[in-house]
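In: Quick one, what's the 3D model for this:
(one chain, ligands or ions: 3)
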Amino acid sequence: MKLDTTVDVGGPSPYRIDIGSGLLGDAACVSAQWRGRHALIVSDTHVAPLYSERLQSALRIAKPSCNINTHVIEAGEASKTLANFAAVIDTLAVQGATRDVCVFALGGGVVGDLAGFVAASWMRGIDCVQLPTSLLAMVDSSVGGKTAVDIPAGKNLVGAFHLPRAVVIDTATLATLPARELHAGLAEVVKYGAIFDPGFIAWLETNADALLALDDAAIAHAIAASCRYKAAVVERDPFEKGERALLNFGHTFAHAIETEQGYGGLVHGEAVAIGMVLAARLSARLGLSSDKDAARLQALLERFGLPVSIPAELSADALITRMRLDKKNDANGLRLVLWDGMGRARVVPGVPEDAVGHVLG
Ligand SMILES: NC(=O)c1ccc[n+]([C@@H]2O[C@H](COP(=O)([O-])OP(=O)(O)OC[C@H]3O[C@@H](n4cnc5c(N)ncnc54)[C@H](O)[C@@H]3O)[C@@H](O)[C@H]2O)c1
Ligand SMILES: O=C(O)C(=O)C[C@@H](O)[C@H](O)[C@H](O)COP(=O)(O)O
Ligand SMILES: [Zn+2]
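Out: Ligands and ions are numbered 1, 2, ... in the order given. Okay, the predicted model is just below:
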């Protein structure tokens, strides 16, 4: 077990992100914020068989007389539902979980968002510790307290802001992550460079092969840097009243694609890669950035094995209809995160639908 780095997240209820190899088996680390005697581990059918036992043992070392329950959902986006939310809530009720219960979210962003929403809701709010096992969850979803489930009408339309008590990132779990999911996580890593830091884009270009080969030092740097970019913005704007919306770069397109595919097509990071390319092209068309920058962003995403164009079966009309239900919109219509070139983005209200239709082809 080796704690490499910590990132402090300030704001209304500060917490710490621990990053290191083997941390899931570190009793002191995983249990540091656990107050009561009840614990509920929420995980999925891919992750639970690999890591749930390790976490349970660590928790039992920390509190030998504890009451630990595990709720396992089917792996995949299609599980981020109100039905599974209700099922996890029922598990807490059957367990007799008191308000000092801690929910441990062990898995990718699907588990993290669902378990976080349960924690936001049970007895009006209990503790949640995020234990992300996918790269995407390590660099993005475990941090910042956005919790949600999807409904057929749209992604993340039902949810709450509920900050985790702690985030523990065991980088050793990436050894079992499928390559497709590694690539998906890299899309959100690229996002930070695209919106905040051209220097980070250059670093990603130089270290692309090392990242794809899961080189320890490169991966550790990408995770820590990503957590720092996200921590900085969510501590200034925890409830997305302003600048936090920049983290939604590419997401209006991405969520429309995921919803239109019924949450069983592209995975979130893949949809975000396409969404960022579309947002970059739209920004160039509107005169905010250049085609050259858009091409550079696209090339980096392609290098990470990510798709950059809309699946052929999806029509522009259907996607625009989905985009109208995006949470950032207001009375002026589509409100999109547009791009000023590498490292700079802005929220633009009243984006004309015909311009959007043009980049959707
Ligand atoms: N709350 C936020 O701020 C935020 C940010 C970004 C994304 N999200 C949400 O996160 C979700 C996407 O997260 P994701 O990409 O982690 O998807 P995911 O949770 O579906 O995980 C991806 C796949 O990898 C598997 N997996 C995870 N870790 C593994 C490991 N170590 N070994 C083997 N298999 C492993 C999972 O079982 C799953 O099949 C979406 O629902 C998205 O909306 C939320
Ligand atoms: O943390 C945020 O803020 C983000 O927007 C991060 C996104 O990567 C993430 O996909 C988020 O869940 C999208 O939020 P939503 O508000 O558009 O549902
Ligand atoms: Zn995202």
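In: and the stretch 151-300 of the chain, which residues reach ligand 2?
Out: 156, 188, 240, 244, 247-248, 251 (Cβ under 6 Å from any ligand atom). Using the backbone N, CA and C atoms, a C-beta is placed for each residue, glycine as well.
In: mind listing which of those are in helices?
Out: Residues from these lying in helices, with DSSP state H as the criterion: 188, 251.
In: For whichever residue of the stretch 251-361 of the chain sits closest to ligand 1, list the residues it contacts.
Out: The shortest separation between the stretch 251-361 of the chain and ligand 1 is 4.0 Å, found at His268 (distances taken as Cβ to the nearest ligand atom). His268 is in contact with 77, 109, 136, 184, 254, 258, counting by Cβ atoms under 8 Å, 6 or more residues apart in numbering.
In: between those residues, which is closest to Ala166?
Out: Gly109 (17.1 Å; Cβ to Cβ).
In: Which residue comes closest to that closest one once chain neighbours are left out?
Out: Nearest residue to Gly109, sequence neighbours excluded (Cβ to Cβ, 6 or more residues apart in numbering): Ser141, at 3.5 Å.
In: What is the burial count for whatever residue of the stretch 51-200 of the chain ends up closest to ligand 2?
Out: Using Cβ to the nearest ligand atom, Asn156 is the residue of the stretch 51-200 of the chain that sits closest to ligand 2, at 3.3 Å. By other Cβ atoms under 10 Å, the residues close to Asn156 number 19.
In: Give me the distance between the most centrally placed residue in the chain and ligand 1.
Out: The chain has Ser141 as the residue nearest its centroid, 2.7 Å off, counting by Cα atoms, centre = their mean. Separation of Ser141 from ligand 1 (Cβ to the nearest ligand atom, to the nearest Å): 3 Å.
In: Rounded mean pLDDT for the biggest helix by length in the chain, please.
Out: Longest helix of the chain, by residue count under DSSP H: helix 216-236. Predicted confidence along helix 216-236 averages 98 (mean pLDDT).
In: is it anywhere near ligand 1?
Out: No - in terms of Cβ under 6 Å from any ligand atom, no part of helix 216-236 sits within range of ligand 1; the closest distance is 8.2 Å.
In: Just the C-alphas of that helix, formatted as PDB.
Out: Extracted as PDB, the C-alpha positions of helix 216-236 are listed here (Å, rounded to 0.1, in the frame of the first residue of the first chain):
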ATOM      1  CA  ASP A 216       2.400   4.100 -13.400                       C
ATOM      2  CA  ALA A 217       4.000   7.500 -13.300                       C
ATOM      3  CA  ALA A 218       2.100   8.900 -16.300                       C
ATOM      4  CA  ILE A 219      -1.300   7.600 -15.000                       C
ATOM      5  CA  ALA A 220      -0.600   8.900 -11.500                       C
ATOM      6  CA  HIS A 221       0.200  12.300 -12.900                       C
ATOM      7  CA  ALA A 222      -2.900  12.400 -15.100                       C
ATOM      8  CA  ILE A 223      -5.100  11.400 -12.200                       C
ATOM      9  CA  ALA A 224      -3.700  13.900  -9.700                       C
ATOM     10  CA  ALA A 225      -3.700  16.700 -12.300                       C
ATOM     11  CA  SER A 226      -7.300  16.000 -13.300                       C
ATOM     12  CA  CYS A 227      -8.400  15.900  -9.600                       C
ATOM     13  CA  ARG A 228      -6.700  19.200  -9.000                       C
ATOM     14  CA  TYR A 229      -8.400  20.900 -12.000                       C
ATOM     15  CA  LYS A 230     -11.800  19.600 -10.900                       C
ATOM     16  CA  ALA A 231     -11.200  20.400  -7.200                       C
ATOM     17  CA  ALA A 232     -10.300  24.000  -8.000                       C
ATOM     18  CA  VAL A 233     -13.500  24.700  -9.900                       C
ATOM     19  CA  VAL A 234     -15.900  22.700  -7.700                       C
ATOM     20  CA  GLU A 235     -14.700  24.400  -4.500                       C
ATOM     21  CA  ARG A 236     -15.300  27.800  -6.000                       C
END
